[in-house]
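Student: coordinates only, no sequence provided:
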Ligand SMILES: O=C(O)c1ccccc1NCC(=O)[C@H](O)[C@H](O)COP(=O)(O)O
């Protein structure tokens, strides 16, 4: 029986990825605009993918410290339901993006240790959603999508913030159910954990992930 656990599959690059995500029953599909990423898409690619998405699949554009020119270009071309800010955007910048584009904004917050938890409360004041992700290792090429989990115990006792949140980082079809049970999250986000190679989504793993999360 379906549960209310919502899943976001990030880093969709091909039309078959969008189909697999929708068929699996995920709630969100993410498009990565970050040239160093193996999941990077152009605006034209993202537009085609978004136009091919079925009603009911929320389309999320992921950007990293994007300026207005880049966001203007993306939002002018790609039909979107949410913007995901995955860089070091300040709370003021989150509020500015929200006001300028009129789209819900999800702010990613990287967690590596207890010292990172205060930022979650700060961003909860300005963002529409939070994505609580593993902090990337020092010197990593990518600020996300690294397949690394953080210590979920850090969230013990803090299952609720004033806005909805997603758990991310190192999730796979094998640990998705445990992640829901241990953290109390109602939303999961995954990228590399449902790939057969960097940037190549795997339909069977996507289906297994959503099924495990909702089991
Ligand atoms: O996925 C990327 O390539 C990426 C690049 C630049 C910034 C963020 C990126 N991904 C962010 C996501 O939302 C991922 O889904 C999240 O970090 C979890 O990734 P993973 O541990 O691979 O499941």
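Tutor: Everything's here; your move. Source: prediction; values computed, not measured.
Student: secondary structure element for the residue in the chain that the ligand sits nearest to, which one?
Tutor: Ranked by Cβ to the nearest ligand atom, the top residue of the chain for proximity to the ligand is residue 145, at 2.2 Å. The C-beta positions use only the backbone N, C-alpha and C, and glycine is treated the same way. Counting by DSSP states H and E, there is no helix or strand that carries residue 145.
Student: what does it show for phi and psi?
Tutor: When read as degrees, to the nearest 10, the backbone of residue 145 gives phi 70, psi 30.
Student: ok, residue 183 next?
Tutor: phi -100, psi -20.
Student: then residue 174?
Tutor: With angles defined as degrees, to the nearest 10, residue 174 sits at phi -80, psi -30.
Student: do the same with residue 184
Tutor: Dihedral angles (degrees, to the nearest 10) for residue 184: phi 80, psi 10.
Student: please name the nearest non-neighbouring residue to it.
Tutor: In space, and not counting its chain neighbours, residue 184 is closest to residue 159: 3.6 Å by Cβ to Cβ, 6 or more residues apart in numbering.
Student: using the three-state scheme, assign that neighbour.
Tutor: Assigned with DSSP: H, G, I helix; E, B strand; the rest coil, residue 159 falls in the coil class.
Student: wait, it touches residue 186, no?
Tutor: No. The pair residue 159 / residue 186 is not scored as a contact, 9.2 Å apart, by Cβ atoms under 8 Å.
Student: was I right to think residue 133 contacts residue 111?
Tutor: Yes. With contact defined as Cβ under 8 Å, residue 133 reaches residue 111; the gap is 7.1 Å.
Student: hey, what's in contact with both of those two?
Tutor: Here residue 133 and residue 111 share the contacting residues 150, 169, scored by Cβ atoms under 8 Å, 6 or more residues apart in numbering.
Student: between these two, who's got more neighbours?
Tutor: Taking other Cβ atoms under 10 Å, residue 133 and residue 111 do not tie; residue 133 has more neighbours (25 against 22).
Student: measure the residue nearest to residue 128 when sequence neighbours are not counted to residue 93 for me?
Tutor: Closest residue to residue 128 apart from its sequence neighbours, by Cβ to Cβ, 6+ apart: residue 104 at 3.9 Å. Distance of residue 104 to residue 93, computed by Cβ to Cβ, to the nearest Å: 15 Å.
Student: who has more neighbours out of residue 159 and residue 186?
Tutor: residue 186 (17 against 11).
Student: my guess is the more buried one meets residue 7, correct?
Tutor: No. The pair residue 186 / residue 7 is not scored as a contact, 10.4 Å apart, by Cβ under 8 Å.
Student: which neighbours do these two share?
Tutor: The contact sets of residue 186 and residue 7 do not overlap (Cβ under 8 Å, 6+ apart).
Student: wait, the residue of the chain closest to the ligand sits on residue 193?
Tutor: No. Using Cβ under 8 Å as the test, residue 145 is too far from residue 193 to be in contact (9.8 Å).
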